[in-house]
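Novice: Curious how this folds, go ahead:
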Amino acid sequence: MDTTSPRNAEVILTGDRPTGPLHLGHYVGSLRSRVAYQHDYRQFIMLADAQALTDNMDDTDKVHRNVVEVALDYLAVGIDPRQSTVFIQSQIPELAELTFYYLNLVTVARLERNPTVKEEIRLRGFERDIPAGFLAYPASQAADITAFKAALVPVGEDQIPMIEQTNEIVRRFNRMAGRDILVEAQALVPPVGRLPGIDGKAKMSKSLGNTINLGATADEIRAAVKKIYTDPLHLRVDDPGHLEGNVAFIYLDAFDPDKEGLAALKEHYVRGGLADSLVKKRLENILQELLEPIRTRREQFAQDRGYVMQLLKEGTAKARDVAAQTMDEVKAVLGLRYF
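Specialist: Purely as a prediction, here's the structure:
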């Protein structure tokens, strides 16, 4: 790796909540980018298990169990622990301590106005029964980002308000310090946005049961593709087809490397005379080719989970060293260093 590149000085932070195995939506939204980022940036990848507990306290075993499952997915897609620091959020107490301090730099009203938090509260039906930890998530995310002085944070468009709120906290803290201690972060939005579920719902989600997992078997992929939502008005082969909202073509846009062939396929579908089954067959072949090596690598790593946990232990130790340095600077500003 070229350590002389100026981009290597920039820190990038990303991660996932370990509430289940990762799926194609994660792959499009972040995973394949992370594989590329690790060659150009100092990358930290966080398993946000503590954050996952904000709405999973009734099933803490699920979160604990899926830490390794998500780590397996990382390794399977090509995340290299020698180039990316993969760590477990709950094992770095400095992040919780930073969150506590940052909560004094943001008001409840500001947290409630955060569009991302408002939407997540609506989706979960919390109404006014909001876990305090869930409401305070923007402060926690600010701690995660600033602890590593991340300049870049890959997120979906719906998460941009969280980065904006992080930067509000950074600016307020730096004004208190009289100099720049913390670093403002820039949101990196991937060119391909969120994938819809195979049922046509707006979001591919484990809770909705509309995903294709990265470790899916060949039979599972085949069965999922057959269920994919296409065009409800395309009742006969000769009928003109519609591309808007057609999940099969949305997936092809994301995964088909043959853009010229795909363009011709779209033209044929729109003018009529092309069966949905042929579109799905093309998609299935592409997904089988994409996921087979990922599944194989995942199965190989899964045979030695002790090795995976050792990698996480080492990555967490490296990450904690960095977070501790930031914590020391923050406590100095706050007048909390006594010895």
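Novice: element containing residue 130?
Specialist: Using DSSP states H and E, residue 130 sits in no helix or strand.
Novice: Contacts for the helix or strand bottoming out on mean pLDDT in the chain next, please.
Specialist: Lowest by mean pLDDT, DSSP states H and E among the helices and strands of the chain is helix 115-124, with a mean of 80. Identification of contacts with helix 115-124 by CB atoms under 8 Å, 6 or more residues apart in numbering yields 55, 111-112, 127, 130, 134-135, 137-138, 158-159, 161-162. Backbone N, C-alpha and C define where each C-beta goes, glycine included.
Novice: What is the nearest of those to residue 221?
Specialist: residue 158 (27.4 Å; CB to CB).
Novice: Okay, that closest one and residue 117: tell me how far apart.
Specialist: According to CB to CB, to the nearest Å, residue 158 and residue 117 sit 11 Å apart.
Novice: which is the next helix or strand following the least confident helix or strand of the chain?
Specialist: Counting by DSSP H and E, what follows helix 115-124 is helix 132-135.
Novice: Which strands and helices lie in contact with that next one?
Specialist: The elements that helix 132-135 packs onto, with contact taken as 3 or more CB pairs under 8 Å, 6 or more residues apart in numbering; DSSP states H and E, are helix 108-113, helix 115-124.
Novice: List the buried residues of the first one.
Specialist: Along helix 108-113, these residues count as buried under the neighbour rule (16 or more other CB atoms under 10 Å): residue 111.
Novice: Which stretches in the stretch 101-250 of the chain count as helices?
Specialist: 108-113, 115-124, 132-135, 137-147, 160-177, 218-227, 247-255 (DSSP state H, counting those that start in this stretch).
Novice: what are the C-alpha coordinates of the longest one, in CSV please?
Specialist: Going back to what we said before, that points to helix 160-177. In CSV, the C-alpha atoms belonging to helix 160-177 read as follows (Å, rounded to 0.1, in the frame of the first residue of the first chain):
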residue,chain,number,x,y,z
ILE,A,160,-27.0,13.2,6.1
PRO,A,161,-28.8,15.1,9.0
MET,A,162,-26.8,12.9,11.4
ILE,A,163,-23.5,14.2,10.0
GLU,A,164,-24.8,17.7,10.1
GLN,A,165,-25.6,17.4,13.8
THR,A,166,-22.2,15.8,14.4
ASN,A,167,-20.6,18.9,12.8
GLU,A,168,-22.7,21.2,15.0
ILE,A,169,-21.3,19.5,18.1
VAL,A,170,-17.8,19.6,16.7
ARG,A,171,-18.0,23.4,16.0
ARG,A,172,-19.5,24.1,19.4
PHE,A,173,-16.7,22.1,21.1
ASN,A,174,-14.0,23.7,19.1
ARG,A,175,-15.3,27.2,20.0
MET,A,176,-15.1,26.2,23.7
ALA,A,177,-11.5,24.9,23.1
